[in-house]
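Asker: Just need the structure, nothing else, for what follows:
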Amino acid sequence: MGVSIMRDFTSQRVRSIPPSGIRRFFDIAATMQDVISLGIGEPDFVTPQPFLDAGIRSLQEGHTHYTSNSGILELRQSLSNHLHRKYGVRYDPETEILISVGVSEALYLTLSAVCDPGDEIIIPEPCFVAYAPEVTLAGGKAITIPTYVKDEFQVTGATIESAITEKTKAILIGYPNNPTGAVMTREKLLEVAAVAQKYDLLVISDEIYDQLVYGFDHICLASLPRMRDRTVTLGGFSKNYAMTGWRIGYAAAPPDILAALRKIHQYTIMSAPTTAQIAAIVALEEGDSFVEDMRSEYDHRRKLIVGGLNQLGLSTFEPRGAFYAFPSISASGMDDSTFAEALLQEERVAVVPGSAFGESGSGFVRCSYATAYEKIEEALRRIERFMKRHG
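Answerer: Residues are numbered from 1 along each chain as shown. Presented below is the predicted three-dimensional model:
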């Protein structure tokens, strides 16, 4: 009998998406000893005890069944109150809030609900690595636009407007920003809002780091004049509340858009984890002091790493949100991928090349300060040795 040759059954859409530029460095680091990772975008704090206790108690009490597709009503009510208290924007917990499996699912749902084949979604870069691939998976086309360190990586209305075509459907932004740590001022957000209104576009606003800001008040885009009804607000509990493994996020949007998200969620997920939803209720009700303690510690680390990198000749603008520094590595004479690989091999410090987050991230690396102060100090000592050889 002849040899049977099978065709490639994976879709062209999936084949067109490159592998994550982050993953390769984590895989290398995992095989090495004594590595200090400044690569992981995850809080190093354990979930605060009251949230843990609520989750454990829910299991012991037998709360192990599905919830409503939209999520536990009490959680949606608490979230509605939280967003109103923090940002002055009110969402109906019955029809305008959906609890998702992390903000990643909320992003997937939104893009799947919004994109028809060929629809264009404008995305400022550098940005979270999943944005453009998720647009592709939803059948849309990602149109990436640059941001610049001279603007503190804030996107401008003019740059967005220059990318608009008759196929543009939405703008996808993420501030406080991963990987740069940038925030958007009210003035710059109003520019985005004006463009969205002028061209009748939706804005998808990923605000997962909203409470991790330093010397700055986060502005919820939906709270701006005439923006609530053309904004999908995405958020979650992973970063602010140190609950990454619990996988709880949310989308808040006008009823017609939210209903479309819920339809996809019903068919793909059913409901977010019940235990995690119950813990999230306690996070909203009792979490403010824990968030402030963690934010204060991140701020302490932020000042250390930014000051240290600048001293070493790795020019770093001041990040005002999230837990990332984004230094230029031009003083090394290397490109960002070569720099990251050499630093890992020679000094056992893991950082992520800026180009992993888009073309305008080239020439930078992402350094997460969601790791212990003492480890950051040691990482800076190692980077100093590295720069004495290469800087």
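
Asker: number of nearby residues for the nearest residue to Met227 once chain neighbours are set aside?
Answerer: Distances taken as CB to CB, 6 or more residues apart in numbering place Ala193 nearest to Met227, at 5.1 Å, with adjacent residues excluded. Every C-beta, even on glycine, is put in place using the N, C-alpha and C of the backbone. By the criterion of other CB atoms under 10 Å, Ala193 has 22 neighbours.

Asker: right, and the helix or strand after the helix ranked longest in the chain?
Answerer: Using DSSP state H, we find that the single longest helix of the chain is helix 288-311. Counting by DSSP states H and E, the next helix or strand C-terminal to helix 288-311 is strand 324-325.

Asker: so what does that next one touch, helix or strand wise?
Answerer: For strand 324-325, the elements it packs on are helix 288-311, strand 365-368, judged by 3 or more CB pairs under 8 Å, 6 or more residues apart in numbering; DSSP states H and E.

Asker: mind checking which helix or strand the residue nearest to Met227 is in?
Answerer: Per DSSP H and E: helix 186-198 holds Ala193.

Asker: next structured bit after that helix?
Answerer: Sequence order places strand 202-206 as the next helix or strand after helix 186-198, per DSSP H and E.

Asker: Centre of the chain to that next one, how far?
Answerer: 13 Å (CA atoms, centre = their mean, to the nearest Å).

Asker: what does stretch 210-221 give?
Answerer: Relative to the chain's own centre, stretch 210-221 is displaced by 14 Å; criterion: CA atoms, centre = their mean.

Asker: Ok, stretch 249-268 next?
Answerer: Stretch 249-268 sits 19 Å away from the centroid of its parent chain (CA atoms, centre = their mean).

Asker: So which bits of that stretch are buried?
Answerer: Neighbour-count burial for stretch 249-268 flags 249-254, 257-258, 260-262, 264-265 (criterion: 16 or more other CB atoms under 10 Å).

Asker: Now, these that are in strands?
Answerer: Mapping those onto strands (DSSP state E) picks out 249-252.

Asker: okay if I get those as TSV plus pLDDT?
Answerer: Listed next are these as TSV, based on pLDDT from 0 to 100:
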residue	pLDDT
Gly249	98
Tyr250	98
Ala251	98
Ala252	98
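
Asker: got a markdown table for the residues you listed, with distance to Tyr298 too?
Answerer: A markdown table is the format used below for these (distance: CB to CB, whole Å):
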| residue | distance to Tyr298 |
| --- | --- |
| Gly249 | 20 |
| Tyr250 | 22 |
| Ala251 | 26 |
| Ala252 | 25 |
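
Asker: hang on, Ile40 in a helix?
Answerer: No. Ile40 is assigned coil when assessed by DSSP: H, G, I helix; E, B strand; the rest coil, not a helix.

Asker: dump the residue contacts of it.
Answerer: 26, 368, 370-371 (CB atoms under 8 Å, 6 or more residues apart in numbering).

Asker: With Val149 instead?
Answerer: Residues in contact with Val149, defined by CB under 8 Å, 6+ apart, are 317, 328, 364.

Asker: Include neighbour count and distance to Tyr131 when you put those into JSON lines, please.
Answerer: Putting the contacts of Val149 into JSON lines (neighbours: other CB atoms under 10 Å; distance: CB to CB, whole Å) gives the following:
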{"residue": "Phe317", "neighbour count": "19", "distance to Tyr131": "22"}
{"residue": "Ser328", "neighbour count": "18", "distance to Tyr131": "23"}
{"residue": "Phe364", "neighbour count": "29", "distance to Tyr131": "17"}
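
Asker: Looking at these, which one is closest to Asp336?
Answerer: Taking CB to CB as the measure, Asp336 lies nearest Phe364 of the contacts of Val149, at 6.1 Å.

Asker: Show the model's pLDDT score for the closest one.
Answerer: The model reports Phe364 with a pLDDT of 98.

Asker: just checking, it touches Tyr324?
Answerer: No. The pair Phe364 / Tyr324 is not scored as a contact, 10.5 Å apart, by CB atoms under 8 Å.

Asker: So which of the contacts of Ile40 sit within strands?
Answerer: Using DSSP E, the subset of the contacts of Ile40 located in strands is Ser368.

Asker: From the contacts of Ile40, pick the one nearest Leu83.
Answerer: Nearest to Leu83, judged by CB to CB, of the contacts of Ile40 is Ala370 at 24.4 Å.

Asker: which ones are touching that closest one?
Answerer: By CB under 8 Å, 6+ apart, the contact list for Ala370 reads 40-44, 298, 323.

Asker: got a markdown table for those, with distance to Glu378 too?
Answerer: What follows is the contacts of Ala370, written out as a markdown table (distance: CB to CB, whole Å):
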| residue | distance to Glu378 |
| --- | --- |
| Ile40 | 16 |
| Gly41 | 20 |
| Glu42 | 19 |
| Pro43 | 20 |
| Asp44 | 15 |
| Tyr298 | 18 |
| Phe323 | 18 |
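
Asker: which strands and helices sit next to the longest helix of the chain?
Answerer: When contacts are defined as 3+ CB pairs under 8 Å, 6+ apart, helix 288-311 sits against strand 324-325, helix 373-390.

Asker: Which residues does that helix contact?
Answerer: Applying CB under 8 Å, 6+ apart, the set of residues contacting helix 288-311 is 38, 43, 45, 48, 50, 181, 211-214, 240-242, 315-316, 318-319, 323, 325, 327, 367, 369-371, 373, 376-377, 380, 383.

Asker: sorry, back to before: tell me the most buried of the helices and strands packed on helix 288-311?
Answerer: Of all these, strand 324-325 has the most neighbours on average by mean count of other CB atoms under 10 Å, namely a mean of 28.

Asker: Adjacent strands (with direction) for that strand?
Answerer: Using DSSP bridges, strand 324-325 pairs in its sheet with strand 365-368 (antiparallel).
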